[in-house]
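Enquirer: A predicted structure for the sequence below; I have some questions about it.
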Amino acid sequence: MPNPKRRHSSARRDRRRTHDSLDVMSASICPNCNASRMPHRVCPSCGFYRGKQALRVEQTV
C-alpha cells in the first residue's frame, strides 16, 4: 500500500475542509400565526401546515 512521503501542510488541509462547514438553516414565517418556522414543516407554535391543522398543539400560558 502506498504511504505519503511528506506531511500535508495545514494550509492544504484547511483548503480541503472549506466546504465541510454547515450552512445556516433558512426560516420562513407561518402564514397562520406569523411565527418563525422551518420551511416545509409543521409550525411548532400553532400546528398548521399548508393551511390545514396537522398537529394539535396545547397553548401554554
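Expert: The structure has been received and is ready for your questions.

Enquirer: where's the residue positioned nearest the centre of the chain, which helix or strand?
Expert: Against the mean C-alpha coordinate of the chain, by CA atoms, centre = their mean, the closest residue is Met25 at 3.7 Å. Under DSSP states H and E, no helix or strand contains Met25.

Enquirer: Spatially nearest residue to it, not counting backbone neighbours?
Expert: In space, and not counting its chain neighbours, Met25 is closest to Met38: 6.7 Å by CB to CB, 6 or more residues apart in numbering. In this view, the C-beta of every residue, glycine as well, is placed from N, C-alpha and C.

Enquirer: how close does that neighbour sit to Ala54?
Expert: Met38 sits 14 Å away from Ala54, going by CB to CB, to the nearest Å.

Enquirer: Arg13 now?
Expert: According to CB to CB, Arg13 and Ala54 sit 46 Å apart.

Enquirer: again with Pro4
Expert: Going from Pro4 to Ala54 by CB to CB gives 53 Å.

Enquirer: and if you look at Pro39?
Expert: Separation of Pro39 from Ala54 (CB to CB) stands at 15 Å.

Enquirer: Give me the more crowded residue out of the two.
Expert: Ala54 (14 against 9; other CB atoms under 10 Å).

Enquirer: residues in contact with the residue lying closest to Ala35 once chain neighbours are set aside?
Expert: Excluding the flanking residues, the one nearest Ala35 by CB to CB, 6+ apart is Ser45, at 4.3 Å. With contact taken as CB atoms under 8 Å, 6 or more residues apart in numbering, Ser45 is in contact with 30, 33, 35, 37, 57.

Enquirer: Thanks a lot, see you next time.
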